[in-house]
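Asks: Mind folding the following:
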Amino acid sequence: MTGMVPTVFIVDDDPSVLKALARLMRSAGLNAVTFAAPQDFLDHYDKNAPGCLVLDVAMPHINGLELQQTLVSSGSELPIIFLTGHGDIPMSVRAIKQGAFDFLTKPVHDSDLIEAIHDAIEKDRIARQARDKSNELQQRLATLTRREREVLVRVVSGKKNRQIADELGTVEKTIKVHRAHLMKKLKAGSLADLVKLAERLGVISPLPD
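Replies: Numbering: from 1, shown residues only. The predicted model follows:
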């Protein structure tokens, strides 16, 4: 996923709108893919593809809000910008409550739409970066043995090696070895680093500010 070019996915049942938006995206240096129907988008969308979705509301068979709900239910976090000439306040509130990034009504200024798209793509980039980091940390945690996990929990709770050894029925020297191994596997350079990693992994609860 790293290095993939963000794509602006555009779904609208009006061919003239699709053509105009695709031209606008190209003029702004953005990669765009258009779909004339929500089902076409669902048939081709790869959730690993970064970017955002520019979505009409009023469409036959599956409307924009229904497509949004389908994506949300599938676990997709792709930012959605609704662009419609049929919007109203209840509709926009529903869309935002379901996680829409923005709700714009036609006609919209090109600059406003491009700005919203850049903001949505940046939001997607940050979210994906955070998920990648979280997955990496989980992979590191998975390399620990059961005993190393037991030592980890006790180390980050503030217990000394001697206390941990007594609790686990072993000697302090063995705990030091386990501690060194888990520090290396988790790539923690200090106890403070280890505590922060443990918080992010959910091993311990974050300390209050």
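
Asks: all helices for this structure, in order.
Replies: 15-27, 38-44, 64-73, 89-97, 110-142, 146-156, 161-168, 172-186, 191-201 (DSSP state H).

Asks: can you redo the ones you listed as TSV with distance to Thr7?
Replies: To be clear about C-beta, it is placed using only N, CA and C from the backbone, and glycine gets the same treatment. What follows is those, written out as TSV (distance: least, CB to CB, whole Å):
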stretch	distance to Thr7
helix 15-27	9
helix 38-44	11
helix 64-73	15
helix 89-97	21
helix 110-142	9
helix 146-156	40
helix 161-168	50
helix 172-186	35
helix 191-201	30
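
Asks: Format the ones you listed as JSON lines; extra columns: distance to Leu55, mean neighbour count and mean pLDDT.
Replies: Output for these, formatted as JSON lines (distance: least, CB to CB, whole Å; neighbours: other CB atoms under 10 Å; pLDDT from 0 to 100):
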{"stretch": "helix 15-27", "distance to Leu55": "11", "mean neighbour count": "14", "mean pLDDT": "95"}
{"stretch": "helix 38-44", "distance to Leu55": "8", "mean neighbour count": "15", "mean pLDDT": "95"}
{"stretch": "helix 64-73", "distance to Leu55": "5", "mean neighbour count": "18", "mean pLDDT": "93"}
{"stretch": "helix 89-97", "distance to Leu55": "9", "mean neighbour count": "14", "mean pLDDT": "79"}
{"stretch": "helix 110-142", "distance to Leu55": "11", "mean neighbour count": "14", "mean pLDDT": "93"}
{"stretch": "helix 146-156", "distance to Leu55": "44", "mean neighbour count": "18", "mean pLDDT": "94"}
{"stretch": "helix 161-168", "distance to Leu55": "54", "mean neighbour count": "16", "mean pLDDT": "95"}
{"stretch": "helix 172-186", "distance to Leu55": "41", "mean neighbour count": "16", "mean pLDDT": "95"}
{"stretch": "helix 191-201", "distance to Leu55": "33", "mean neighbour count": "16", "mean pLDDT": "90"}
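
Asks: out of the ones you listed, which comes closest to Phe103?
Replies: Counting by CB to CB, Phe103 lies closest to helix 89-97 out of the helices of the chain; the figure is 4.1 Å.

Asks: farthest residue from the center of this structure?
Replies: Val171 (43.4 Å; CA atoms, centre = their mean).

Asks: Buried residues, stretch 45-52. List them.
Replies: Tyr45, Ala49, Pro50, Gly51, Cys52 (16 or more other CB atoms under 10 Å).

Asks: Let me know the pLDDT of the closest residue to the third one other than its chain neighbours.
Replies: Right, the one you point to is Pro50. Of all residues not flanking Pro50 in the chain, Pro6 sits nearest, at 4.7 Å (CB to CB, 6 or more residues apart in numbering). On pLDDT, Pro6 comes in at 95.
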